[in-house]
Each structure stands twice: as structure tokens, then as C-alpha cells.
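Q: My questions are about this predicted structure, shown below with the sequence.
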Amino acid sequence: MNSTTSLRVKELNARNELSADQKAPAEQLEPDFALVQLDTTFVTLLLEISALESQHGDDREPRDAENFRSDEAGRTQKIESVLARLAPIERAIMATPARTIVGLGIKARHAAYVVSEHWDVPIEQVEWDARAVRLLIEAICKVAGVRLPFSNDADGALL
């Protein structure tokens, strides 16, 4: 091995070794493991609600009014059931302290869901206090690498 190759190998090894104050990615999440688990459930339930809501737009076949009301009532009941399962998850997210930037991002995602009306119009049309909240939540989510619970795009896609 020549001296240049030897220096490159040493440099790669140095980059791959963690300093005393650094942690491996799994260890970084350990303090917020409970929040990560809650977030997984939170996102799953939001996707379930989104799927149920999108079924409303999938009624392509003309139906009589009675069947439509029955389908709508069934869908509403399913959404309410998911919301009932979501409520304790939301309370747990609010009650669990964040210990890392990932945990803070999870809490910011939940806050965005709670105050989602701040994203209903372009930022220029949002009142000053709501704009401050929206920009703070977006900044935290960006730094934490956490997506908002809805899209900022016109399509309004979830996550």
C-alpha cells in the first residue's frame, strides 16, 4: 500500500469512527423511542382516515339516495372509529417529552395536524400569529426531517 492509499484508508476509518460525543443513529432515537412508536401509529391512523375520506370521491356509479346515505353513514362511522383510536395517541404525543430533534419533529407534526387550518390558505393570507406558528412548525419539521401530516402542495396529499 502506498502512502496516499494509506492516508485515504486512515481518513475513511476516522470518518467512520464516532467521537465520544457522537452516537450511532439507533442510539440517537433511543431517548425518543416512545415518541417514534406513537408517531408510527399516528401516521398510520391519519392514512386510514385519508383513505376513508377518499372513498367518498370514488362513488362513480350513480346510486339511489338511500344507498348513498347508507354508504355515507357507514363511512362516517368508520372515520369516527379511527378518530376515537387516534385521540389517546394524540394525548400521549403531547404528554411525552421530546429529547432529540426527531422527537421535537414528531411533536411539531402533531401540532401541525392540530392547527391544520393554518395551511388552508397561502402563507401571505395567514394572520400574523398563525403565520408565526406555521413557520415555526415548518422549520422544526424541516430540521428534524419530518414531513407535515399533509402536503403544502395544491393536491393536498397526506404525508
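A: Yes, it's here.
Q: distance of Ala108 from Lys142?
A: 10 Å (C-beta to C-beta, to the nearest Å). Using the backbone N, CA and C atoms, a C-beta is placed for each residue, glycine as well.
Q: any idea how far Ala112 is from Arg69?
A: 33 Å.
Q: quick revisit: more neighbours: which of Ala108 and Lys142?
A: Using other C-beta atoms under 10 Å as the criterion, Ala108 and Lys142 rank with Ala108 on top: 23 against 13.
Q: Now for the closest residue to the more buried one other than its chain neighbours: which residues touch it?
A: Using C-beta to C-beta, 6 or more residues apart in numbering and skipping the chain neighbours, the partner closest in space to Ala108 is Ile140 (3.9 Å). Shown in contact with Ile140 (C-beta atoms under 8 Å, 6 or more residues apart in numbering): 104-105, 108, 146.
Q: Only the buried residues of the helix or strand encompassing Ile140, if you could.
A: Assigned by DSSP states H and E, Ile140 belongs to helix 128-144. Residues of helix 128-144 classed as buried by neighbour count (16 or more other C-beta atoms under 10 Å): 130, 134, 137-138, 140-141, 144.
Q: Share the number of residues neighbouring Ala95, please.
A: A count of neighbours around Ala95, defined by other C-beta under 10 Å, yields 8.
Q: Kindly report the same for Pro149.
A: So Pro149, with other C-beta under 10 Å, has 21 neighbours.
Q: same thing with Met94?
A: Using other C-beta under 10 Å, Met94 is surrounded by 12 other residues.
Q: got it, and the one 3 residues further on?
A: As a burial measure, Pro97 scores 11 neighbours (other C-beta under 10 Å).
Q: Give me the nearest residue to Ile101, chain neighbours excluded.
A: Ala144 (4.8 Å).
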